[in-house]
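Student: After the sequence you'll find the predicted model.
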Amino acid sequence: MKFGIAFSNAGPFAQPDTLAHLARSAEATGIESLWTVEHAVIPVGYSAEYPYHKSGKMPGGEKAPIMDPIVPLAFAAAVTEKIRLGTGILILPQRHPFYVAKEMATLDQLSKGRAILGIGVGWLHEEFAALGIDFETRASRTREAVAAIRSLWKGEPEAFDGKFFQWGLVESNPKPVQPGGVPIVVGGHSDISAKRAARYGNGFFPGRGTPELLSHLIDVLRAECERIGRDPGEIEITLPLPSYEIDAIRRYGDLGASRLITGPPGFDQATVETGLAKFRENVLDKL
């Protein structure tokens, strides 16, 4: 089982010293990956319901610092050697594929093949409105953007003709280090998210849910793979860390998860070190 730390670019980790310390300490502990979150802007007084907290609001309030999801991963790449670097998630329908393909390939080059592109369709409709992007077509825009990005990562230039994006022959360089391009992990905790992962994801990451819901979503993914003739073993399952209890972790492994993600173990250098030491003692040393 691999373990990752999310929210590594938000709150106190939007500071260079704190982020660098988290990245180095996580790598030294044996954490496999570091993940960032994204919001381009937070509309003041937003009414959309944040799906990952019972309050319906994002922790930290509207003024909480959230850095760009990709730039901090490049910063972390420079101060580490092996920890993987993932967007968890990047709101893909808000971005043009040219920029995502270029930036993720650049990150993969700078990190020597450690990049992961986690994507989601988004939930904050006021943010889409502020960007001038249609909220209702975000799922189809995401699907097309994935195809476009993979086209740009191919060895030879090719034209692209979609509903949202069209271009003739273009060169997009550098290419990712990883064969086949940067792996794309589909986020979301609904049946349709699981189906999206089956259709075009290298991985699936439902960021919340009871064990029963997560088991159901994995069943949905596998059923969709069977329907379209895809091997579900091609899709890496990432789940939220249930607890430090070894039996619970092993049950998630039995569901098919190969990676579990949790939040930061602290919010300053001292508590990060204490939290990581506790995680090593209670989890890593017992597996």
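Tutor: Cool, got the structure.

Student: Every contact and neighbour count from this point should use C-alpha atoms.
Tutor: Will do.

Student: tell me the average confidence for stretch 149-165?
Tutor: The predicted model assigns stretch 149-165 a mean pLDDT of 97.

Student: What is the burial count for Lys195?
Tutor: Lys195: 21 surrounding residues under other C-alpha atoms under 10 Å.

Student: Model confidence at it, what's the number?
Tutor: According to the model, Lys195 scores 98 on pLDDT.

Student: Equivalent analysis for Gly60, please.
Tutor: Gly60 carries a pLDDT score of 88 in this model.

Student: residues touching the closest residue to it other than its chain neighbours, list them.
Tutor: Nearest non-adjacent residue to Gly60, counting by C-alpha to C-alpha, 6 or more residues apart in numbering: Gly11, 7.5 Å away. Neighbouring residues of Gly11 by C-alpha atoms under 8 Å, 6 or more residues apart in numbering: 60, 64-66.

Student: which intervals of this structure have sub-threshold pLDDT?
Tutor: Of all residues in the chain, none has pLDDT under 70.

Student: now the helices for it?
Tutor: Under the criterion DSSP state H, the chain contains helices at 16-29, 71-78, 97-110, 125-131, 138-152, 191-200, 211-228, 246-255, 269-282.

Student: just the CA coordinates of the shortest one, formatted as CSV?
Tutor: Only the C-alpha atoms of helix 125-131 are listed here, as CSV (Å, rounded to 0.1, in the frame of the first residue of the first chain):
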residue,chain,number,x,y,z
HIS,A,125,-20.6,27.0,-10.4
GLU,A,126,-19.9,30.6,-9.4
GLU,A,127,-16.3,30.1,-10.2
PHE,A,128,-17.1,28.8,-13.7
ALA,A,129,-19.4,31.9,-14.2
ALA,A,130,-16.6,34.2,-13.1
LEU,A,131,-14.3,32.5,-15.7
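
Student: Which residues belonging to that helix are considered buried?
Tutor: By neighbour count, with 16 or more other C-alpha atoms under 10 Å as the criterion, the buried positions of helix 125-131 are 125-128.

Student: same question, stretch 202-213
Tutor: Those would be 202-209, for stretch 202-213 by 16+ other C-alpha under 10 Å.

Student: can I get the residues you listed in a markdown table with distance to Ile235?
Tutor: Formatted as a markdown table, the buried residues of stretch 202-213 follow (distance: C-alpha to C-alpha, whole Å):
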| residue | distance to Ile235 |
| --- | --- |
| Asn202 | 5 |
| Gly203 | 5 |
| Phe204 | 7 |
| Phe205 | 10 |
| Pro206 | 13 |
| Gly207 | 16 |
| Arg208 | 18 |
| Gly209 | 19 |
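
Student: closest to Leu221 among these?
Tutor: Phe204 (8.7 Å; C-alpha to C-alpha).

Student: Return the residues in contact with that closest one.
Tutor: Taking C-alpha under 8 Å, 6+ apart, one finds 185-187, 194, 197, 235-238 in contact with Phe204.

Student: out of those, which are inside strands?
Tutor: 185-187, 236-238 (DSSP state E).

Student: Give me the buried subset of these.
Tutor: Buried members of these, counted by 16+ other C-alpha under 10 Å: 185-187, 236-238.

Student: Using JSON lines, lay out those together with distance to Ala26.
Tutor: JSON lines is the format used below for these (distance: C-alpha to C-alpha, whole Å):
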{"residue": "Val185", "distance to Ala26": "21"}
{"residue": "Val186", "distance to Ala26": "24"}
{"residue": "Gly187", "distance to Ala26": "23"}
{"residue": "Glu236", "distance to Ala26": "21"}
{"residue": "Ile237", "distance to Ala26": "21"}
{"residue": "Thr238", "distance to Ala26": "18"}
